[in-house]
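Visitor: Here is my input, please return the structure:
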Amino acid sequence: MQYLTYYDSPVGRLTLAADDQGLTGLWIEGQKYFGYYLDPEHEERECPAFAKAREWLDIYFAGEEPDFLPPIHMVGTDFQKEVWEILLQIPYGETMTYGQIAGRIAQQRGLLRMSSQAVGGAVGHNEISIIIPCHRVVGSNGSLTGYAAGIDKKIRLLQLEGTDMQRLFVPKKGTAL
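Guide: Take a look at the predicted model:
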């Protein structure tokens, strides 16, 4: 059984989902793939993971780096979870490219290369946005493409973290705008 609660943030209303193991979802209102892995049977109710998630979000939206993670229960394919684990390693206020993530996965698996597009698909289906920081992933040329909640929210989150935005830009056209 999954449980839902809400959190009002500077980037919009957040919907949080959790089960008895931890946070399973965190979506910004209007986000693409909202509730992709949400159980059809869920209820609005408090659970222990929500208190820690709210504490984390309060610190984060105050412009500080939280020094803990709330309990997380990643729900997805093995490949998606592998990508999301790498996202958790991207330092606060820094970015990583899809290609760098693909390279890291290839190295972990003993492969010569891995598809950046496959990584992009996994990043885009991250169910626990903000806490698993998919907003820190950018194109190899500095393009701020590919944020399911919208480029404007990606920019606001990166600015909140004090990310150096000088080499980053919004593409003029593309499918992920």
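
Visitor: mind checking how far W56 is from L158?
Guide: In this view, W56 and L158 are 18 Å apart by C-beta to C-beta, to the nearest Å. To be clear about C-beta, it is placed using only N, CA and C from the backbone, and glycine gets the same treatment.

Visitor: who has more neighbours, those two?
Guide: L158 (22 against 19; other C-beta atoms under 10 Å).

Visitor: According to the record, where do the domains of the protein fall?
Guide: Domain segmentation of the chain under automatic domain parsing yields 2-61, 79-160.

Visitor: among these, which is nearest I72?
Guide: The minimum distance between I72 and the domains of the chain falls on domain 2-61, with 4.8 Å, by C-beta to C-beta.

Visitor: any idea which residue sits dead centre in this protein?
Guide: S129 (3.0 Å; C-alpha atoms, centre = their mean).

Visitor: ok, how many other residues are close to N126?
Guide: Number of residues near N126 (other C-beta under 10 Å) recorded here: 26.

Visitor: Would you mind measuring from S143 to K173?
Guide: The span separating S143 from K173 equals 11 Å under the rule C-beta to C-beta.

Visitor: coming back round to it: let me know which of the domains of the chain is tucked in deepest.
Guide: domain 79-160 (a mean of 18; mean count of other C-beta atoms under 10 Å).

Visitor: all helices of this structure, in order?
Guide: Using DSSP state H, the helices of the chain run over 48-61, 78-87, 98-109, 116-124, 151-160.

Visitor: tell me which helix or strand of the chain sits lowest on mean pLDDT?
Guide: Each helix and strand of the chain was given a mean pLDDT (mean pLDDT, DSSP states H and E); the minimum falls on strand 42-44 at a mean of 82.

Visitor: Neighbouring strands of that strand in the sheet, and parallel or not?
Guide: According to DSSP bridges, the neighbouring strands of strand 42-44, each with its direction, are strand 2-9 (parallel).

Visitor: Helix 151-160 and the partner strand, what's the angle between them?
Guide: Per axes from the mean of the first three to the mean of the last three C-alpha atoms, to 10 degrees, the angle that strand 2-9 makes with helix 151-160 is 70 degrees.
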